[in-house]
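Participant: 3D, please:
(2 chains, ligands or ions: 4)
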Amino acid sequence: MATVSLTIDNVKVEVEQGSTILEAAKQIGVNIPTLCYMKDINAIGACRICVVEVQGARALQAACVSPVAEGMVVKTNSAAVRASRKMTLELIQSNHPQECNTCQRNTNCELQALSEAMALGDIRFVRPAQSHSKDDIDNSSPSIVRDPRKCILCRRCVAVCEKVQGVKCISTMNRGFETVVAPPFNQSLNDVNCAMCGQCSLVCPTGAIVEVDDTGKVWRALDDANKHVVVQTAPAVRVAIAEEFGMEPGTLAQASWWQPSPPRL
Amino acid sequence: MGITLREIVYDIGGGVEGDKEFKAAQTGGPSGGCIPAAYLDTPIDYENLAALGSIVGSGGMIIVDEGTCMVDLAKFYLGFTQDESCGKCSPCRIGTKRMLEILERITKGLGKEGDLDLLVELANSIKASALCGLGQTAPNPILSTLRYFRDEFEAHIKDKTCPAGICKMPRKGLKS
Ligand code: SF4
Ligand code: SF4
Ligand code: SF4
Ligand code: FES
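Facilitator: Numbers count the residues shown, from 1 in each chain, chains lettered A, B, ... in the order given. Ligands and ions are numbered 1, 2, ... in the order given. Okay, here's the model as predicted:
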């Protein structure tokens, strides 16, 4: 295995050739914040939150896509780096509804957590134009709600839908400030071949793609004295639960007495 | 290469139309920068233009006279790059929009104190962090007009006047 040695925040480190700065930093416990990056699935250098200073480079470099080089000197937390990350975050938040309190993602949102960690504070722009409005929310699907106002265009959902699920029903449309992640020709999710697997909502760092919340419907059923309510979990739960118990992803969790029923012919 | 701006404008180009005062040359297209009259005798080459905060770039050169407002010019170029942004990276996608919005406010007489500092901060940050050359050079027209014509920006913001008489300002005495 060919290795490369470089210096990150004054610490010498030796890593496998072809590693990124992000991976090299991780190896010595240096945490570089990321938004659009997803290991093995999405490394596109789009959000620019992971920028670092590389000695001799003209501009800051995105750590998630920059390969290491012999003798490289990297600073992950210099004043320039911090200022740039904060400005980028301020820009992202300037085109984002400030409604954490009522958002499904509240307290479980990467954008929110990052803004807090970086002590973002005030957004200084005067009445900044918003690329999308409430009219653009797509709640046609029985399972998934898309809210482009909250989308930071990290494209993680696009990558997982295409590369992991093999469905490929959402992608970026338009250009520049008008860019949006949506099904082709801006159709609604219900009109395309979305499998409603929910993987996109799982990887979305914000509340831009979430599951439909049917809690109200359940309460209504429970409150209805004339209804007998039974609970049926989706069959896939036994797969999800296995992972919770540390089994290989995809393993079926089952009781020892349980026998799969013979296939119906 | 090596020929001066003055020779290009006055000898080759035959001078400024209507014998108006030369104000600046924008070199290198929308990603370039402007060069004011004080540097008319600078020989044109890569290094000299870079030192003046501009580039050779496309090789194009636009000469503007005293009737041009430099804030309006910066706004024009930024409108172009903002429109050209592909939308992949956040600094360029949102940042060019915000810079343009600030310039639009200033040229409408709605500029406020702190706008110029914010513009410079934005410009430098986008230059350093954008993904491609378009975003990295988009702030150049702002940085270079601010470098040489800061007083024109300030006239728009503080006195609510456009020295070149191009921008429509609210009538004097009216509070914005
Ligand atoms: S997506 Fe995150 S930052 Fe945006 S409103 Fe929801 S919780 Fe807040
Ligand atoms: S629910 Fe699944 S198929 Fe539908 S958009 Fe999301 S990842 Fe793609
Ligand atoms: S919907 Fe979510 S995952 Fe998809 S691009 Fe927008 S923020 Fe990223
Ligand atoms: S995490 Fe590297 S550019 Fe988004």
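Participant: Test my guess that A:H132 contacts A:A182.
Facilitator: No. A:H132 lies out of contact with A:A182 (Cβ atoms under 8 Å); the separation is 10.2 Å. No exception for glycine: its C-beta is placed from N, CA and C like everyone else's.
Participant: Give me the more crowded residue out of these two.
Facilitator: A:A182 (22 against 17; other Cβ atoms under 10 Å in any protein chain shown).
Participant: how far away is B:Q136 from ligand 4?
Facilitator: For B:Q136, the distance to ligand 4 equals 15 Å [Cβ to the nearest ligand atom, to the nearest Å].
Participant: Against ligand 3, how distant is the residue in the stretch 151-265 of chain A positioned nearest to ligand 4?
Facilitator: Nearest residue of the stretch 151-265 of chain A to ligand 4 (Cβ to the nearest ligand atom) works out as A:C154 at 6.8 Å. The gap separating A:C154 from ligand 3 is 4 Å, by Cβ to the nearest ligand atom.
Participant: what about that residue, how many neighbours?
Facilitator: 28.
Participant: just to revisit the earlier point, what do A:H132 and A:A182 both touch?
Facilitator: Shared between the contact lists of A:H132 and A:A182 (criterion: Cβ atoms under 8 Å, 6 or more residues apart in numbering or on different chains) are residues A:P148.
Participant: about what we covered before: got a list of what the residue of the stretch 151-265 of chain A closest to ligand 4 touches?
Facilitator: Residues near A:C154 by Cβ under 8 Å, 6+ apart: A:35-36, A:42, A:46-47, A:205.
Participant: go on, A:D147?
Facilitator: Applying Cβ under 8 Å, 6+ apart to A:D147 gives the contacts A:136-138, A:207-210.
Participant: Show me which of the residues you listed is closest to A:G176.
Facilitator: Of all those, A:G176 sits closest to A:D136, with 16.3 Å by Cβ to Cβ.
Participant: How about the contacts made by the closest one?
Facilitator: Counting by Cβ under 8 Å, 6+ apart, A:D136 touches A:147-149, A:180.
Participant: quick one: is the longest helix out of those in chain B near chain A?
Facilitator: Taking DSSP state H as the criterion, chain B has its longest helix at helix B:90-107. Yes. For helix B:90-107 and chain A, the contact criterion (Cβ under 8 Å from any Cβ of the partner chain) is met by B:90-91, B:93-98, B:101-102, B:105.
Participant: contacting residues for the closest residue in space to B:S54 that isn't next to it in sequence?
Facilitator: Leaving aside its sequence neighbours, B:S54 sits nearest to B:G33 (Cβ to Cβ, 6 or more residues apart in numbering or on different chains; 3.4 Å). B:G33 makes contact with B:26-27, B:52-55, B:140-141, B:143-145, B:147, according to Cβ under 8 Å, 6+ apart.
Participant: picking up where we left off before, residues of the longest helix of chain B that come out buried?
Facilitator: By 16 or more other Cβ atoms under 10 Å in any protein chain shown, the buried positions in helix B:90-107 come out as B:90-103, B:105-107.
Participant: Repeat that for stretch A:83-92.
Facilitator: By 16+ other Cβ under 10 Å, the buried positions in stretch A:83-92 come out as A:84-92.
Participant: State the distance from A:C100 to A:P128.
Facilitator: Applying Cβ to Cβ, to the nearest Å, the value for A:C100 to A:P128 is 18 Å.
Participant: who has more neighbours, the two?
Facilitator: Taking other Cβ under 10 Å, A:C100 and A:P128 do not tie; A:P128 has more neighbours (18 against 15).
Participant: Nearest to ligand 1 within chain B, name that residue for me.
Facilitator: Closest residue of chain B to ligand 1, Cβ to the nearest ligand atom: B:S90 (14.3 Å).
Participant: which residues sit in contact with the residue nearest to A:C109 when sequence neighbours are not counted?
Facilitator: Distances taken as Cβ to Cβ, 6+ apart place A:T206 nearest to A:C109, at 5.6 Å, with adjacent residues excluded. Counting by Cβ under 8 Å, 6+ apart, A:T206 touches A:96, A:105, A:109-111, A:150-152.
Participant: wait, which of those residues is closest to ligand 2?
Facilitator: A:C151 (13.1 Å).
Participant: For B:L134, see how far away the closest one is.
Facilitator: For A:C151, the distance to B:L134 (Cβ to Cβ) stands at 22 Å.
Participant: Look at these two and report which has more neighbours.
Facilitator: Shown here are A:C151 and B:L134; by other Cβ under 10 Å, A:C151 has more neighbours (26 against 17).
Participant: hang on, that one packs against A:A208?
Facilitator: Yes. Applying Cβ under 8 Å as the test, A:C151 and A:A208 come out as touching, 3.8 Å apart.
Participant: list the residues that contact both of the two?
Facilitator: Common neighbours of A:C151 and A:A208 (Cβ under 8 Å, 6+ apart) are A:V181.
Participant: Which element, helix or strand, includes the nearest residue to A:K227 once chain neighbours are set aside?
Facilitator: Spatial nearest neighbour of A:K227, excluding adjacent residues (Cβ to Cβ, 6+ apart): A:A221 at 5.5 Å. Assigned by DSSP states H and E, A:A221 belongs to helix A:215-223.
Participant: Which residues does that helix contact?
Facilitator: A:227, A:229.
Participant: Would you map out the domains in chain A?
Facilitator: For chain A, automatic domain parsing gives the domain ranges A:3-77, A:91-211, A:214-257.
Participant: Let me see the confidence value for residue 171.
Facilitator: I'll assume chain A. We have a pLDDT of 96 for A:S171.
Participant: oops, I was thinking of chain B
Facilitator: 67.
Participant: Kindly indicate which of the contacts of A:D136 lies nearest B:T161.
Facilitator: For these, the nearest to B:T161 is A:R149 (38.4 Å; Cβ to Cβ).
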